[in-house]
Structure formats: C-alpha cells, structure tokens
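**Q** Sequence unavailable; structure follows:
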C-alpha cells in the first residue's frame, strides 16, 4: 500500500508494521469483521421471524401444527449447536441440489447416492462449477445465515412462546368481552405486550448469537477467527516478505477486545430498548 514497502528488508520497525498490517491478507482480515456484522444484521431478524412463526405454531389449536412448533423448539434446542452446524449445512446443501436435480435432470438414470458420494447432474450443482468465486462465497454465507437462523430461531420461539403465555389472562378475557375475535386479540393485545416479557430472553439470545459467530469457521466462511489463526501463526513460507513468530496471542487478543466492545454497545442499546418498552408500565422495580 505504501511506496516504501517495495523492499521489506530495509524497513524500520514502524514502517515494517505499517506495511505488514496493510497486506492483501490483512485486508481480507479487516473485511471479515464486516462479514460477522453482516451475519448478525441478517440473522437476528431472520431468527426472530423463525421464532415468531415457531411460537405461533406451538400455541396453535390445530394439533399437527402445535406438534410441529413444539417439536421444532424441542429438537433444535436439544441438539448441541456444533453438531447441528456440522451436519445441517451438508444436509441443507444436498437438499437444495436434490430438488434442483429433480427439476433440471428428470432423465438422469444413475443413483444419486453412491456409497459415501452424493452425485447430481452438473446443472444441479450449487453453485455451478464455472460460477465466479463471489457466487461461491455468497452461497456459503447464505447457508450460514439460514443455519444460524434455524438454530437460534428455536431459542427465540421458546422465549416468545413463554412471553405470549405471560400475558395476564384477565386482559384476554376483557378483549373477549369487548367482542374481539381470537385474531384481533392476538395482534392487538398479545403481540404488543409480549415484547416486554420477551426482551430479557431475547437480549440473552442476542449475546449468545454474538458469541456463536466464530462457528462461521466450521461452516466454511472465512471469518475473523479463520484469519486470526492464519495470520497469527508462524509466518515463514506463506509470508516470506514479512516473517514473524507465532503471534496468535495478539490476534486473538484483538478479537477479545472487539467482542467485548461489541457486547458492551449491545448492552447499552438493549437497556434503552427495555426502558422504552416498559415506560408507563408497572414492574417489580416500581416503575
């Protein structure tokens, strides 16, 4: 990036670090922070939507729908996150390819399952082998977002389901006495008030989601943990121009500071949201 970086062997300490920290690999490291923030920005509302749908299903009066909602909550919450991430991404990817295979290659006669191999026709592959690299990266990111949303959506569904049941029964009876239909009661009484009861649980879930972002590395996305490990390790052959010993401690210390700062900002924002939602309502604290 700098003109004096042409010959690293002649650089002083400050110049050496200036050149080292602006290499192409470090640019990818800095961009990976945006990847994490983008994951959180997309996954949080998506997981909340999954959770809202799961909570509605769990409280449904139709038994199969209620079984589905409660089963989704119980099964996903009961499986360790790391096991779910390692298995589900593969299953999701193969599920998409199988659907495309059925639509695009109806005349395919060979079995898709051949031992440990999963073989579909070339036009059904996701993404296509001749697709640009950014397509592969976007597709991997999409699978990561969907996996995170399904996993954390189950936890959000459990929180929202409990929040819906926490609405005082008297208010629901009052709505019925005014002639409100069950649909009107749900949208006008339950939904506006449930957020006060749900916010503490959703706040904890947001913090857990932040802490879970390093699992992107397991999903094949080059996140901040991946680059911290790659750049912090002993750099000899890979970075012959800027050799250094094992600096992973310093890289992971930078990640520690990043996560602590981000959670601190999140706590301040969540406190303001909680104060706004509880304004004018009676609480244990007397406000």
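**A** It's in. Since the structure is predicted, the reported quantities are computational estimates derived from the model, not experimental observations. Residues are numbered from 1 along each chain as shown.

**Q** mean confidence score for the longest helix seen in the chain?
**A** Ranked by residue count under DSSP state H, the longest helix found in the chain is helix 24-58. For helix 24-58, the mean per-residue pLDDT is 91.

**Q** Counting by contacts, list what it packs against.
**A** Under the contact definition 3 or more Cβ pairs under 8 Å, 6 or more residues apart in numbering; DSSP states H and E, helix 24-58 sits against helix 63-78, helix 133-165, helix 191-212, helix 224-232. Every C-beta, even on glycine, is put in place using the N, C-alpha and C of the backbone.

**Q** how does it look with 6 Å?
**A** helix 63-78, helix 133-165, helix 224-232 (3 or more Cβ pairs under 6 Å, 6 or more residues apart in numbering; DSSP states H and E).

**Q** Now render those helices as TSV, adding distance to residue 267.
**A** Below are those laid out as TSV (distance: least, Cβ to Cβ, whole Å):
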stretch	distance to residue 267
helix 63-78	24
helix 133-165	18
helix 224-232	21
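
**Q** For those helices, give me JSON lines that also has mean neighbour count and mean pLDDT.
**A** Below are the helices and strands packed on helix 24-58 laid out as JSON lines (neighbours: other Cβ atoms under 10 Å; pLDDT from 0 to 100):
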{"stretch": "helix 63-78", "mean neighbour count": "15", "mean pLDDT": "92"}
{"stretch": "helix 133-165", "mean neighbour count": "20", "mean pLDDT": "89"}
{"stretch": "helix 224-232", "mean neighbour count": "20", "mean pLDDT": "86"}
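
**Q** nearest to residue 253, of those helices?
**A** When the helices and strands packed on helix 24-58 are compared by Cβ to Cβ, helix 224-232 sits nearest residue 253, at 9.5 Å.

**Q** on that earlier part again, and of the helices and strands packed on helix 24-58, who's closest to residue 203?
**A** Per Cβ to Cβ, nearest to residue 203 of the helices and strands packed on helix 24-58: helix 133-165, 9.7 Å.

**Q** Identify whichever of the helices and strands packed on helix 24-58 lies nearest to residue 257.
**A** Per Cβ to Cβ, nearest to residue 257 of these: helix 224-232, 11.8 Å.

**Q** What lies in contact with that closest one?
**A** Residues outside helix 224-232 that contact it (Cβ atoms under 6 Å, 6 or more residues apart in numbering): 29, 32-33, 36, 214, 217, 247-248, 251-252, 255.
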